[in-house]
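Engineer: Here is my input; please provide its structure:
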Amino acid sequence: MEDLYELLEVNRDATQDEIKKSYRKLAHKYHPDANPGNKEAEEKFKKINAAYSVLSDPNKRAQYDHYGTTGNNGGFDAGGIDLNDIFGDLFSSFAGGFGGGFSRSQGRARSHVRRGSDLELIVNISLLDAAKGITRDFEIMRWEICETCHGTGAKEGSKPETCKTCNGSGQVRQTQRTVFGQFITETTCPDCGGTGETVKDKCLNCDGAGRIHRKHEIKDVKIPAGVSRGMRLRLSGQGDAGIHGGESGDLYLVINVQPDENFERDGNDLHTRLILTYPQAVLGAEIEIKTLTGETEKITVPSGTSQGEILKIKNQGMPKLGNINSKGDLLVHVFIDVPKELTEKQRELIKNLAAEMSSPVNENSGSNFGSFFKNIFTGKK
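Structural biologist: Below is the predicted model:
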């Protein structure tokens, strides 16, 4: 008996994806439609199908690996395989490339009752809105059941009729016999579009669609505190209306938290900047910091604080989603303000400080050279 792994041209430790990929390639190569009249190719095709029926099943594969058989008297068959699932688009390529033979269904039988589509709406909110939570009203365009025909699509006084082409199934079946057995293909009925019904006298309000596309307002939608950018909130049943009594789809609100000029979010923490004067950084200070909510918190700046240090104010960050009492922190990043312009008195004081600290400085800093240079062009003295 031939080795099944060799038949499918894979290693014994091959993954299921590798086995399936190799099987598809070989099935395409040896399919009878690709090799008309070639008995050797036909026999090879049977063998690789039998091999795949074993190696694609974890239990059968384990038994084969251990015992060299699956208990079918040393043989293997393709029973239990969903051919549509195995071949996928392989069958459709045969149908298109070799003029018939195997073909897959162009669509599974669709129920007359169909669920409406889901919708998405981007919601722009501020960082403060995300911190506190907010209630909003929204307007969306969606498909709604026609109030004139109540979704049937038929004119008042008439009703839909069972499609004569598919007898109400919504699908047209074709049976084909091949050397491998009988195959049934199903395609969507061309006359009813898969609904199983036809409308002779159409509703004048919806032109037979059974639904109308219109603006709809949704009021008092609560966006909870702690939401973050990219989060999706589902409003059940607020999407498009279903067809033939099917349930409505859902509306998804996609949250877009807009940037804030004073605060930057990092998870549940917030970051902000604090600009200190040189004396405040050297000697320390008590400074009030404005929080996201507009309130102020007093913070102690230790003496000798350097640029780049981070001071923390606990529980002044963003609330955790679902638990507004648990908040992150407000992280204050220190920046030292170095003045570009000084009065004469300030300059002298800094020079004295530099001398006291034995710190060399530019003695010409802040001289009148700039004004002198400007006067050259103005003619002033």
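
Engineer: mind listing what's buried in the helix or strand that residue 53 is a member of?
Structural biologist: In this assignment (DSSP states H and E), residue 53 forms part of helix 39-55. By 16 or more other CB atoms under 10 Å, the buried positions in helix 39-55 come out as 41-42, 44-55. C-betas here are computed from N, CA, C, even on glycine.

Engineer: Bridged to residue 140, which residues?
Structural biologist: residue 216 (DSSP bridges).

Engineer: related to what we said a few turns ago, distance from the chain centre to the helix holding residue 53, please.
Structural biologist: Chain-centre distance of helix 39-55: 41 Å, with CA atoms, centre = their mean, to the nearest Å.

Engineer: Repeat that for stretch 27-39.
Structural biologist: For stretch 27-39, the distance to the chain centre is 42 Å (CA atoms, centre = their mean).

Engineer: Now do the buried residues in it.
Structural biologist: Neighbour-count burial for stretch 27-39 [16+ other CB under 10 Å]: 27, 30, 31, 32, 33, 34, 35.

Engineer: So among those, where is pLDDT lowest?
Structural biologist: The member of the buried residues of stretch 27-39 with the lowest pLDDT is residue 33, at 74.

Engineer: Give me the distance between that one and residue 282.
Structural biologist: The gap separating residue 33 from residue 282 is 87 Å, by CB to CB, to the nearest Å.

Engineer: repeat for residue 136
Structural biologist: 49 Å.

Engineer: Equivalent analysis for residue 118, please.
Structural biologist: With CB to CB as the criterion, residue 118 and residue 282 are 60 Å apart.

Engineer: Also residue 31?
Structural biologist: From residue 31 to residue 282 the distance is 84 Å (CB to CB).

Engineer: same question, residue 8
Structural biologist: Counting by CB to CB, the gap from residue 8 to residue 282 is 77 Å.

Engineer: Check the secondary structure at residue 130 for me.
Structural biologist: helix (DSSP: H, G, I helix; E, B strand; the rest coil).

Engineer: how about the helices of the stretch 201-350 of the chain, start to end?
Structural biologist: Ranges of helices within the stretch 201-350 of the chain are 278-283, 344-356, based on DSSP state H, counting those that start in this stretch.

Engineer: Put together CSV for those helices, with mean pLDDT, mean neighbour count and distance to residue 144 on each row.
Structural biologist: Formatted as CSV, these follow (pLDDT from 0 to 100; neighbours: other CB atoms under 10 Å; distance: least, CB to CB, whole Å):
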stretch, mean pLDDT, mean neighbour count, distance to residue 144
helix 278-283, 92, 15, 63
helix 344-356, 88, 12, 72
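
Engineer: Make TSV from these and add distance to residue 146 to it.
Structural biologist: As requested, the helices of the stretch 201-350 of the chain are exported to TSV (distance: least, CB to CB, whole Å):
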stretch	distance to residue 146
helix 278-283	70
helix 344-356	79
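
Engineer: closest to residue 333 out of those?
Structural biologist: helix 278-283 (13.2 Å; CB to CB).

Engineer: Show residues contacting that closest one.
Structural biologist: 287, 301, 303, 304, 305, 306, 307, 334, 336, 337, 338 (CB atoms under 8 Å, 6 or more residues apart in numbering).

Engineer: Let me know the closest of these to residue 269.
Structural biologist: residue 334 (16.4 Å).

Engineer: Run through the residues that contact that closest one.
Structural biologist: So residue 334 contacts 274, 276, 281, 301, 305, 306, 307, 308, 309, 310, 311 (CB under 8 Å, 6+ apart).

Engineer: rerun that using 10 Å as the cut-off
Structural biologist: Counting by CB atoms under 10 Å, 6 or more residues apart in numbering, residue 334 touches 273-276, 280-281, 301, 305-311.

Engineer: Can you select the buried ones from those in PyMOL?
Structural biologist: To isolate the buried subset of the contacts of residue 334 in PyMOL, counting by 16+ other CB under 10 Å, use the following:
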select buried, resi 274+276+280+281+301+305+309+311
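
Engineer: Tabulate the contacts of residue 334 in a markdown table, adding columns for distance to residue 214.
Structural biologist: Below are those laid out as a markdown table (distance: CB to CB, whole Å):
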| residue | distance to residue 214 |
| --- | --- |
| 273 | 49 |
| 274 | 52 |
| 275 | 53 |
| 276 | 58 |
| 280 | 61 |
| 281 | 62 |
| 301 | 59 |
| 305 | 61 |
| 306 | 62 |
| 307 | 59 |
| 308 | 57 |
| 309 | 58 |
| 310 | 53 |
| 311 | 55 |
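
Engineer: for the helix holding residue 53, packing partners?
Structural biologist: helix 4-7, helix 16-30, helix 58-67, helix 83-87 (3 or more CB pairs under 10 Å, 6 or more residues apart in numbering; DSSP states H and E).

Engineer: Need the winner for burial among those helices.
Structural biologist: When the helices and strands packed on helix 39-55 are scored by mean count of other CB atoms under 10 Å, the highest mean neighbour count falls to helix 4-7 (a mean of 19).

Engineer: any idea of the mean pLDDT in that one?
Structural biologist: 90.

Engineer: Can you tell me how far residue 292 is from residue 129?
Structural biologist: Taking CB to CB, one finds residue 292 at 11 Å from residue 129.

Engineer: My error: substitute residue 11 in the last question.
Structural biologist: Counting by CB to CB, the gap from residue 11 to residue 129 is 57 Å.

Engineer: how near is residue 352 to residue 9?
Structural biologist: Taking CB to CB, one finds residue 352 at 88 Å from residue 9.
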